[in-house]
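> my questions concern the predicted model and sequence given below.
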Amino acid sequence: MSAVLEIEGLRKTYRSRKRGVRHALDGFDMRVEAGQVHGFLGPNGSGKTTTLRTLLGLIRPNGGRMAILGQELPRALPAVAGQVGAIVESPQFFPHFSARDTLSLLAQAGELPKRRVDEVLELVGLRDRAGERVKTYSLGMKQRLAVASALLKDPKLLILDEPANGLDPGGIREMRRLMRELAESGMTVVLSSHILGEIQLICDSVTIISLGRRVAFGPVEQVLAAHSQGTVRVRLEAVADLPRAEETLTRSGIRVAAEADHLMLSGVDKPAAVSRLLAEQDLYVSELTPVAVDLESVFLELTATAPVPGQNRQVDQSAKVDQTGTAGGWGA
C-alpha cells in the first residue's frame, strides 16, 4: 500500500528561561497507509497534538521530514490543503449560528457545492437538528458538527482529534460506524482518542507516542501479540493445591502471580507443558487459558516509563517490540 502520511525524524523544541529546553518531538516517525483507520495514541504531554498541529502548518518544526499524499510539507501545504480535513483540540463555532448556517459559510469559503452541506449533516446524524443554534447543542453534538466541517471537502485524508469526546455510548457506536464506512469508501482516517477500547475495535493500525518519540507502530493485532508475554491463567481442581502449584512452577523458572482462586503465569511459550509439569506432582488442572492483552494494557506499559535519553527505539511494521481543534481552515 502507498503511504498517505509520512513523518520521519520530526523534531520540535521549545526554549524558555524558566524551563530551559523541552523536546516536544524528539525524532518522531509515523506512517499511515491509504484506506486505513489509523489510531494515534499518547498520554497528555506526549507530543500528539504538537504532531498534528505541525502537520497542518500551525507549528513550525525544528527538523525532520513530513509528507501528505506524497507531497513534501510545508512546501506543498497549499497544494494538499484541499484534500485534508481536520479537527484538532476543541471545536469552536459561532454560538448564534445554526449548524446549517455554519457549514454553509464554510462551504462558501471553500468554494464547495451547497449539496455537500446536507450530505455531511446526514453523515454525522445532525440533519434533524441542523436549524437549531449551536449554543443549544450538547458537547457531543458540537463534536458531530466539527466532524461534519472536516468532511465538507470530501477529503482523502481525515485527521480527527478526540472525535468521540462528549458522545454517549450510542453516539460513540455511530462514530465508529462512520469511520469504518469512510475508510471503506477509500478515505484515510487518522484518529486520536483516549478511548482505547474503541481504538482497538475500529483501527487497522496504531502509532503510540511517548515523550515525543514513537514507542510502538504496526497493525493492531501485531502490536498486541508482541506484548502478550505468554500470560496464562491456571485453575486447579482443588483450590487448596494452589500454594504447592505456585512453588512447583516457580521452581521451574515460570513467573507466577497468585490470586484467590487461580494463578497467573507469565512467559509461558507452551501452555501444555504447564499441565504436564503439574500432573507430575499430582496437581490436576481444571482450566488452562492463554490471556490476551488489550490495547489499554499495552498503552499503559509503553507509556509508563520515560525513554532513555538519546534513544529513539521503535516498533517496525512487523511489530517487534520497543522496550523502552480547532475546526477552522482545515475543516472546510
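Looks like it came in fine.

> could I get the full set of helices for the chain?
Counting by DSSP state H, the segments of the chain that form helices are 48-55, 77-80, 99-109, 115-123, 139-151, 169-184, 196-202, 220-226, 242-251, 271-279, 295-303.

> among the ones you listed, which comes closest to E33?
E33 sits nearest to helix 169-184 of all the helices of the chain, at 10.8 Å, using C-beta to C-beta. In this view, the C-beta of every residue, glycine as well, is placed from N, C-alpha and C.

> helices and strands around that closest one, which ones?
Applying 3 or more C-beta pairs under 8 Å, 6 or more residues apart in numbering; DSSP states H and E, one finds that helix 169-184 contacts strand 37-41, helix 139-151, strand 188-192, helix 196-202.

> give me the buried positions along that helix.
By neighbour count, with 16 or more other C-beta atoms under 10 Å as the criterion, the buried positions of helix 169-184 are G171, I172, E174, M175, R176, L178, M179, R180, L182, A183.

> quick one: pLDDT of the closest residue to G166 other than its chain neighbours?
Leaving aside its chain neighbours, G166 sits nearest to L139 (3.1 Å; criterion: C-beta to C-beta, 6 or more residues apart in numbering). L139 carries a pLDDT score of 86 in this model.

> repeat for K156
pLDDT recorded at K156 is 96.

> quick check: phi and psi on it?
When quoted as degrees, to the nearest 10, the phi and psi of K156 stand at phi -80, psi -30.

> same check on the one 10 residues further on?
Torsion angles at G166 (phi, psi; degrees, to the nearest 10) stand at phi 90, psi 0.

> which residues sit in contact with it?
The contact partners of G166, by C-beta atoms under 8 Å, 6 or more residues apart in numbering, come to S138, L139, G140, K142, Q143.

> so what's the residue count around the fourth one?
Pointing back at K142 there. For K142, the tally of surrounding residues (other C-beta atoms under 10 Å) stands at 20.

> tell me, how many residues neighbour the closest residue to it other than its chain neighbours?
Spatial nearest neighbour of K142, excluding adjacent residues (C-beta to C-beta, 6+ apart): P91 at 5.7 Å. Other residues within reach of P91 by the criterion other C-beta under 10 Å amount to 25.

> my read is that P91 contacts R144, right?
No. The pair P91 and R144 fails to qualify as a contact (C-beta atoms under 8 Å) at a distance of 9.7 Å.

> give me the neighbour count for E237.
The tally of other residues near E237 (other C-beta under 10 Å) stands at 11.

> ignore the last one, A257
For A257, the number of neighbouring residues by other C-beta under 10 Å comes to 11.

> tell me the contacts of it?
With the criterion set at C-beta under 8 Å, 6+ apart, A257 makes contact with L263, M264, L265, S266.

> got the CA coordinates for stretch 57-73 in CSV?
Output of stretch 57-73 as CSV, limited to C-alpha atoms (Å, rounded to 0.1, in the frame of the first residue of the first chain):
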residue,chain,number,x,y,z
GLY,A,57,1.2,24.1,9.3
LEU,A,58,0.1,25.6,12.6
ILE,A,59,3.6,25.0,14.2
ARG,A,60,7.0,25.2,12.5
PRO,A,61,9.2,22.1,13.3
ASN,A,62,12.9,22.3,14.1
GLY,A,63,13.8,19.4,11.8
GLY,A,64,12.6,16.2,10.2
ARG,A,65,10.5,15.3,7.1
MET,A,66,6.8,15.3,6.6
ALA,A,67,4.7,14.4,3.5
ILE,A,68,1.0,14.1,2.8
LEU,A,69,-0.2,12.3,-0.3
GLY,A,70,3.4,12.1,-1.5
GLN,A,71,4.0,15.8,-1.3
GLU,A,72,6.6,17.3,1.0
LEU,A,73,5.5,19.7,3.8
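
> which intervals of the stretch 51-200 of the chain have sub-threshold pLDDT?
Residues of the stretch 51-200 of the chain meeting the criterion pLDDT under 70: none.

> give me the most central residue, this structure.
A centroid search over the chain (C-alpha atoms, centre = their mean) returns G39, at 2.9 Å, as the residue closest to the centre.

> let me know the pLDDT of that residue.
G39 is assigned a pLDDT of 96 by the prediction.

> check the one 3 residues further on too.
Note for G42: predicted pLDDT of 93.

> list the contacts for it?
When contacts are counted by C-beta under 8 Å, 6+ apart, G42 is found next to K48, I208, I209, S210, T303.

> can I see the domain layout of this protein?
Using automatic domain parsing, the domains assigned to the chain come out as 3-225+297-303, 229-290.

> circling back to that earlier point, gap between the residue nearest to K142 and G230?
Counting by C-beta to C-beta, to the nearest Å, the separation of P91 from G230 is 44 Å.

> same deal with Y284?
22 Å.

> do you know how far the nearest residue to G197 once chain neighbours are set aside is from E198?
Closest residue to G197 in three dimensions, ignoring its sequence neighbours and counting by C-beta to C-beta, 6+ apart: E296, at 6.9 Å. In this structure, E296 and E198 are separated by 11 Å, where distance is defined by C-beta to C-beta.
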